[in-house]
Every structure is written in C-alpha cells, then in structure tokens.
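Asks: would you be able to build a 3D model of this:
(chains A and B)
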Amino acid sequence: GQQVMQIPQYQHVQEGEDFTTYCNSSTTLSNIQWYKQRPGGHPVFLIQLVKSGEVKKQKRLTFQFGEAKKNSSLHITATQTTDVGTYFCAGPTGTASKLTFGTGTRLQVTL
Amino acid sequence: SQTIHQWPATLVQPVGSPLSLECTVEGTSNPNLYWYRQAAGRGLQLLFYSVGIGQISSEVPQNLSASRPQDRQFILSSKKLLLSDSGFYLCAWSGYYEQYFGPGTRLTVT
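Replies: Just a heads-up that it's a prediction; the model follows:
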C-alpha cells in the first residue's frame, strides 16, 4: 500500500534558526496536505498543494510540492517557540477522502 | 461553523473492560467520519471510516469496532480492552479535501 515517509523524525533548533521537513510518497499524489500537532493537542490542517512544482507561503512557512508530485517540503524561516510541535504531511488514498499520513517530524525550539 | 466533539478527554480502563468513545460533529451534514489512533510519539493510524449512517469500513483488523447510529455521531467500541489499545484516539471529519480533528481521547489500559 501507499507509504509516506518524513525526514527527519526529530529536530531540535535554537530560536531563530531555520527548519525543513521533507515528505516522500511511494506513489504519485493528486495533492499533498500539511498538518501541525502541538504537544498534547490534535492535528490541525495547515495547507493543501495541488499543482506540480507548486509553492505556497504562510508567513514564515514555505510549502513546496515536487515536480513529480511524489514529494513535498515544509520550510520554516527563523523558528519561534510557537512553532514547536509535530508536522505531518498527508496524501489522499482510496475513496471517501481518506488520507495516508506521513510519519511526522517533531520540532523542538529552544531559546 | 463546524465543531467536532469527543468525550471523554481521558480514560483509564483495566484490561478486559469494555470501551465506548463518542464523537459528534456540528454544523455539517452527511460528513465522512474517521477514527484514528496515535501511539505515544507516533503517527496516525486510520482505524475506521464512514461515509454515511450505518456504513462502516475497517482499515485494520483488531478488537475494536465502530458504529454510526446518526448522521453526525460516530462511536468507537470494544468488548474487551487489551494493553495494546492504549493510545490517543482521534475522531475527524472531512471537508472538501482536508480533515478536521476533534480534541481526542487519551486512553490508558492498565
């Protein structure tokens, strides 16, 4: 079945440093979604990318969808402590709007 | 606007006891509904999904079951809990493409 892997599993940065997580799917995706889960909380939808090579920005967050539509990345510029959490990518699978979630990247930010 | 509720927020149950977790959605009709489990520090595992009343699809064989007695109500059950059932249970509904999650139930089986 479809597999979605993310690297790294964990990253610890100092506030102000940049951060990037990479997402790779075993199959071509019609779209890729990104979610953020704060410690102790539930995943929250951030964004969806649909087009090959698409780049979208949300303030300090930059999302990219690969040309082959099998990979994606999330880059955070100048991290802040509010960025702490686990970032998941997710791709559609099968019917009923089901998603396969990536393995997640946990980001820790210290002052 | 749409809201999703889950209860209880936390639960501690002995091995072999029954389980019933409830999820309700407000502000939308005929949503696709999902149950996920998340082990500590791990990813999201889809357990069940439903596209309508009484329609349940299971993704992973296990001792859990799900039911959808009403359009906006989704229930996760077990007759006898196992230690391995411990985890963070999340209910979600889908919009056009994205999913919205409830606050979750943290289950500890002792």
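
Asks: where does chain A have low pLDDT?
Replies: Across chain A, nothing is flagged by pLDDT under 70.

Asks: in chain B, which ranges drop under the pLDDT threshold?
Replies: Using pLDDT under 70, chain B drops low at B:61.

Asks: just list the residues touching residue 75, thanks.
Replies: In the absence of a named chain, this looks at chain A. Contact analysis of residue A:75 by CB atoms under 8 Å, 6 or more residues apart in numbering or on different chains lists A:18-20, A:61-64. C-betas here are computed from N, CA, C, even on glycine.

Asks: my bad, chain B
Replies: Counting by CB under 8 Å, 6+ apart, the residues that residue B:75 touches are B:20-23, B:66-69.

Asks: ok, whichever strand or helix holds it: who's next to it in the sheet?
Replies: Assigned by DSSP states H and E, residue B:75 belongs to strand B:73-78. When pairing is defined by DSSP bridges, strand B:73-78 lines up against strand B:19-26 (antiparallel), strand B:64-70 (antiparallel).

Asks: check whether the helix or strand just after that strand contacts chain A.
Replies: Per DSSP H and E, strand B:73-78 leads on to strand B:87-94 as the next helix or strand towards the C-terminus. Yes. Shown here: strand B:87-94 in contact with chain A (CB under 8 Å from any CB of the partner chain) through B:90, B:94.

Asks: buried ones in the strand holding residue B:75?
Replies: Buried residues in strand B:73-78, defined by neighbour count with 16 or more other CB atoms under 10 Å in any protein chain shown: B:74-76, B:78.

Asks: for chain B, which residues are neighbours of chain A?
Replies: Counting by CB under 8 Å from any CB, chain B sits next to chain A at B:32, B:34, B:41-44, B:46, B:49, B:51, B:57, B:90, B:94, B:97-104.
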